[in-house]
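Enquirer: fold the following, please.
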Amino acid sequence: MLYALLRDLNRRRFPFRVVPNWIIEGTSEILDMRSSWVNKISVILGSKPPFNWLILCLISVLALIVVLGTSTSNAFDSVSTTPVSDIYTSYRRQKERAAIDLFDLKSLSLATGRLKEFGLCGKERENHVPCYNVTANMLAGYKEGEEYDRHCEVSRTAECCLVRPPKDYKIPLSWPVGRDIIWSGNLKVTKDQLLSSGSPTKRLMLLEENQISFHSEDGDGVKEYSFQIAEMIGLGTDSEFLQAGVRSILDIGCGFGSFGAHLTSMNVMVMCIATYEATGSQVQMALERGLPAMLGNFIAKQLPYPSLSFDMVHCAQCEISWNDKGGIFLIEADRLLRPGGYFVLTSPTSKAVGGSLSSKKISILTPLEEVTRRLCWTFLAQQYETYIWQKTTDPRCYLSGKQEIVPLCKEGHDTPSYYQPLVPCLSSTTSKRWIPIQNRSSSSRLSSAELEVHGVQSEDYSDDLQIWRTALKNYWSLLTPLIFSDHPKRPGDEDPLPPFNMIRNVMDMNAHYGGLNAAFVEQKKTVWVMNVVPVGSPNTLPLILDQGFAGVLHDWCEPFPTYPRTYDLLHANGLLSQLLSSRCSMIEFLVEMDRILRPEGWVILNDKVGPIEKARMLVTHIRWEARVIDFQNGSDQRLLVCQKPLVKK
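Expert: Residues are numbered from 1 along each chain as shown. Here you go, the predicted structure:
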């Protein structure tokens, strides 16, 4: 019976694991030996031996199997003294495969009651983003723009299903080709919507019916526009942004991401945020191109970034009335800007008010001048429809009393910002992070003095970085054969050799110091990382952002503010253990990961054996292919490596 079970397991398709032939053949020999001994015992005891003898023989055979399995496992364990840096080298060796197969058999013995696979959601949810239900928000009483904001308490759904890709979905082209050419069938956007977009940062051209081509260098004026901004802040060229302290930019209403796509080549991190759109989404377009982006607006709530997060806030026709509500939107921009940072506004200098017969144009500059003066901003320059202000580097400006300023927030107000209400006061003026951008180095490596501002010792930071250097090397060793060998060459791709790989958008779901991102930068991998700091964990997001990386606060009991199929690799270290000790549902968490993960995308979960075993059993219900890696002898840590298949109905 055991032989039949193993043979059946070998014939079935288990992701990444197949029961080795040596187990089946060995079991066959053992069972043959058992048959021979039973015949001999029959001769001695007669054709009908006592029942107790038969039970004793069966127990002896099972004990022999256990002994053989244990000795084999011990033999493999004795090999696992390899240094950590070489953990995954030649990971397909028989040693690892046998260890995983034995682990599989253990898992199968524990899986007495399996749930069936989750079904696919309907076509109407192909681009579904939870917490952004405009109709439900309006019924709940939200208005004046708040209906487009994030309200998880209103639109949470009890239905648990897998968001399927559109009918014409294709795996994105690899970077950097995918930055300039994307598949139109991957987005919820029509040809008319694309062609009707006329701003300088949105112009594009359809090459074919199923492709969209962007020309950020030779047709849409973005290069000239970026050069213009550099000149206006006193630089010779936009290649000097880093030297001037501009390492990270918040691009509000980014269009199709052309401004960010241009600056990416200069190692400037441009984070696109835009309001949720049912069709023609700017955020979905930017992420499809492999550019940092997430849903967000500040109609009523602060963005989930701490104070002093960005070196420049950029708005090119972002359709925000900055002087409304007493200038509270500009106050939020001031909260996000670092000292000496720039606010860039490209907008018509006037707007029409009144009816069609009595309409007149009024200047938008006058009310902005009043609010920016109260914020201690300095007006630097104007060219055509572009205006630039600079935030003060001297906090004493707010205490000088020479002018009416926006009031300062009360002490203790500067708490981690996770969708807190907008406040009409200035924060962080006494923060230790109040360091002018011009005084910081252009490198992502922070000095010991800068680390001390965050309460982090340089030795701890260096040790953490060394761990992630090794981990990334091991991850790449694990994934590289699968990325470069097991995948067919995509249409339009270069030969599948580094750096032309299938991974561009990466999310570190429990980022800590941002060490994985730093390791990616050191090893010159052509990826960007969304560093997520879970709410409730130590707030290390200021440290991450001060390195010039992308990052955000998030509660993993809630959906992430992005469109489906927007990340190639999801990584989480220790997050499963946190979920098990919280109110969150692990299966809902995994379904959310499936929503934001691209087909053929990867998941790497590093955690203790208990949470990993539970996750391994659950991922089969969402159709992922999975493999558990026991990567260190005697350790209670395991690695769960999963891949999402391309499933269409």
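
Enquirer: ok, residue 420 to residue 307 distance?
Expert: With distances taken as C-beta to C-beta, to the nearest Å, residue 420 is found 11 Å from residue 307. To be clear about C-beta, it is placed using only N, CA and C from the backbone, and glycine gets the same treatment.

Enquirer: kindly report the same for residue 299.
Expert: When distance is defined by C-beta to C-beta, residue 299 is 19 Å away from residue 307.

Enquirer: and if you look at residue 254?
Expert: Between residue 254 and residue 307 the distance is 22 Å, computed by C-beta to C-beta.

Enquirer: okay, those two: which has more neighbours?
Expert: A side-by-side neighbour count of residue 254 and residue 307, using other C-beta atoms under 10 Å, places residue 254 first with 30 against 24.

Enquirer: next up, the contacts around the more buried one.
Expert: Residue 254 sits next to 201, 260, 270, 272, 273, 274, 282, 283, 286, 293 when contact means C-beta atoms under 8 Å, 6 or more residues apart in numbering.

Enquirer: a markdown table for those residues, including neighbour count, pLDDT and secondary structure?
Expert: A markdown table is the format used below for these (neighbours: other C-beta atoms under 10 Å; pLDDT from 0 to 100; DSSP: H, G, I helix; E, B strand; the rest coil):
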| residue | neighbour count | pLDDT | secondary structure |
| --- | --- | --- | --- |
| 201 | 25 | 43 | coil |
| 260 | 27 | 93 | helix |
| 270 | 26 | 97 | strand |
| 272 | 29 | 96 | strand |
| 273 | 24 | 95 | strand |
| 274 | 24 | 92 | strand |
| 282 | 24 | 89 | helix |
| 283 | 25 | 93 | helix |
| 286 | 27 | 94 | helix |
| 293 | 30 | 96 | strand |
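
Enquirer: residue 644 reaches residue 591, doesn't it?
Expert: No - between residue 644 and residue 591 there is no contact, the gap being 11.6 Å when judged by C-beta atoms under 8 Å.

Enquirer: higher neighbour count, those two?
Expert: Applying other C-beta under 10 Å to residue 644 and residue 591 shows that residue 644 carries more neighbours, namely 22 against 19.

Enquirer: distance of the more buried one relative to residue 564?
Expert: Residue 644 sits at a distance of 11 Å from residue 564 (criterion: C-beta to C-beta).

Enquirer: between the contacts of residue 254, which is nearest residue 374?
Expert: Proximity of these to residue 374, judged by C-beta to C-beta, is greatest for residue 273, which lies at 24.9 Å.

Enquirer: list the contacts for that closest one?
Expert: With contact taken as C-beta under 8 Å, 6+ apart, residue 273 is in contact with 250, 251, 252, 253, 254, 283, 293, 294, 295, 296, 297, 303.

Enquirer: the third one pairs with what?
Expert: Going back to what we said before, that points to residue 252. Counting by DSSP bridges, residue 252 is bridged to residue 273, residue 315.

Enquirer: and it, how many neighbours?
Expert: Tallying neighbours of residue 252 according to other C-beta under 10 Å, which is how burial is gauged here, yields 25.

Enquirer: my read: it touches residue 318, true?
Expert: Yes - between residue 252 and residue 318 there is a contact under C-beta under 8 Å: 4.6 Å.

Enquirer: measure how far stretch 591-599 is from the centre of its chain, please.
Expert: Here the centre of mass of C-alpha atoms in stretch 591-599, compared against the chain's by C-alpha atoms, centre = their mean, to the nearest Å, lies 10 Å away.

Enquirer: which stretches of the stretch 251-400 of the chain have low pLDDT?
Expert: In the prediction, the stretch 251-400 of the chain carries residues with pLDDT under 70 at positions 280, 349-364, 400.

Enquirer: for it, what spans make up the helices?
Expert: Secondary structure of the stretch 251-400 of the chain by DSSP state H, counting those that start in this stretch: the helices cover 258-264, 282-288, 328-336, 365-374.

Enquirer: for the longest one, name the packing helices and strands.
Expert: Spelled out, that is helix 365-374. In this structure, helix 365-374 packs against helix 328-336, strand 386-391, with contacts taken as 3 or more C-beta pairs under 8 Å, 6 or more residues apart in numbering; DSSP states H and E.
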